[in-house]
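In: need a structure here:
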Amino acid sequence: MAQTKRKRQTKHRGNAAGVVESRGRTGRKPTTAEKTGKGMGATGKKEKALARQDRPPTWLGAFYRSMIAAVLMLLASLFLLKKPGEAIALFPIVLLAYVPISYYTDQWMFKRRQRRKAAGGAGKAST
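Out: Next comes the predicted model:
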């Protein structure tokens, strides 16, 4: 006859006081970063920020940044103009103006950072 109750996978590890002690890690081997417990410390965050700065700018990133700026401008104009129709009409104009400004500013900063990096890392780019 088939067994109806499923057998337990591991032993119950309770002691006399009723405290269950864990067996420890049973999966994959921990990496060196996990062993030291540092994980993504200060150096990891700094390296990640530098890696992000080394990526060239994209139009999509400029659009997202411009969208945030345009929404902030919309909120400010709603409070200052007191005319919602004018504020809403200003939103697409501001968005269309901010996208290329944001992209070309990012591109200028990226090229400047790359020049400094190629010149020997003088300035803030090397730190």
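In: Least confident secondary structure element in the protein?
Out: Ranked by mean pLDDT, DSSP states H and E, the weakest helix or strand in the chain is helix 42-53, scoring a mean of 73.
In: I'd like the distance from the helix or strand that that helix is followed by to the chain centre, please.
Out: If you walk from helix 42-53 toward the C-terminus, the next helix or strand you reach (DSSP states H and E) is helix 59-81. Remark: helix 59-81 is offset 20 Å from the chain centroid, using CA atoms, centre = their mean, to the nearest Å.
In: Return the set of buried residues in the strand or helix carrying Lys111.
Out: The secondary structure element spanning Lys111 is helix 84-118 (assigned by DSSP H and E). Residues of helix 84-118 classed as buried by neighbour count (16 or more other CB atoms under 10 Å): 87, 90-91, 94-95, 98-99, 102-103, 106, 113, 117. Every residue, glycine included, has its C-beta placed from N, CA and C.
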